[in-house]
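Trainee: 3D model of this:
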Amino acid sequence: MSILSLHHGDRGVHGDTPALHQVRDFVADWLEATPAAILLRPVGAFLIEWAKATPAAILFQSLHR
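Mentor: Take a look at the predicted model:
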């Protein structure tokens, strides 16, 4: 499964013409092939884990329990 699934989950959206689907699919496929898209998953995972390890997040989690 790709990281950026901009065009796979919205089939059958009302008001879109078939010509726009081709343009949107091309742009989404191009973005998925860029080096930035390849790096999104590990960088995103790192940022999520980093945010969970901040003192504010730890305090919020302990108060929320």
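
Trainee: Flag every buried residue along the helix or strand bottoming out on mean pLDDT in the chain.
Mentor: Across the helices and strands of the chain, mean pLDDT, DSSP states H and E gives its lowest value to helix 18-32, namely a mean of 82. Neighbour-count burial for helix 18-32 flags 28, 32 (criterion: 16 or more other C-beta atoms under 10 Å). For glycine as for every other residue, the C-beta is placed from the backbone atoms N, C-alpha and C.

Trainee: which is the next helix or strand following that helix?
Mentor: helix 35-52 (DSSP states H and E).

Trainee: how about the CA coordinates for that following helix, as PDB?
Mentor: Output of helix 35-52 as PDB, limited to C-alpha atoms (Å, rounded to 0.1, in the frame of the first residue of the first chain):
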ATOM      1  CA  PRO A  35      11.800  11.100  -2.500                       C
ATOM      2  CA  ALA A  36       9.800  13.300  -0.100                       C
ATOM      3  CA  ALA A  37       6.900  10.900  -0.100                       C
ATOM      4  CA  ILE A  38       9.300   8.000   0.700                       C
ATOM      5  CA  LEU A  39      10.600   9.800   3.700                       C
ATOM      6  CA  LEU A  40       7.100  10.800   5.100                       C
ATOM      7  CA  ARG A  41       6.400   7.600   6.900                       C
ATOM      8  CA  PRO A  42       9.700   7.400   9.000                       C
ATOM      9  CA  VAL A  43       9.800  11.100   9.700                       C
ATOM     10  CA  GLY A  44       6.100  11.100  10.700                       C
ATOM     11  CA  ALA A  45       6.600   8.100  13.000                       C
ATOM     12  CA  PHE A  46       9.600   9.800  14.600                       C
ATOM     13  CA  LEU A  47       7.700  13.000  15.200                       C
ATOM     14  CA  ILE A  48       4.800  11.200  16.700                       C
ATOM     15  CA  GLU A  49       7.000   9.200  19.100                       C
ATOM     16  CA  TRP A  50       8.900  12.400  19.900                       C
ATOM     17  CA  ALA A  51       5.700  14.200  20.700                       C
ATOM     18  CA  LYS A  52       4.500  11.400  23.000                       C
END
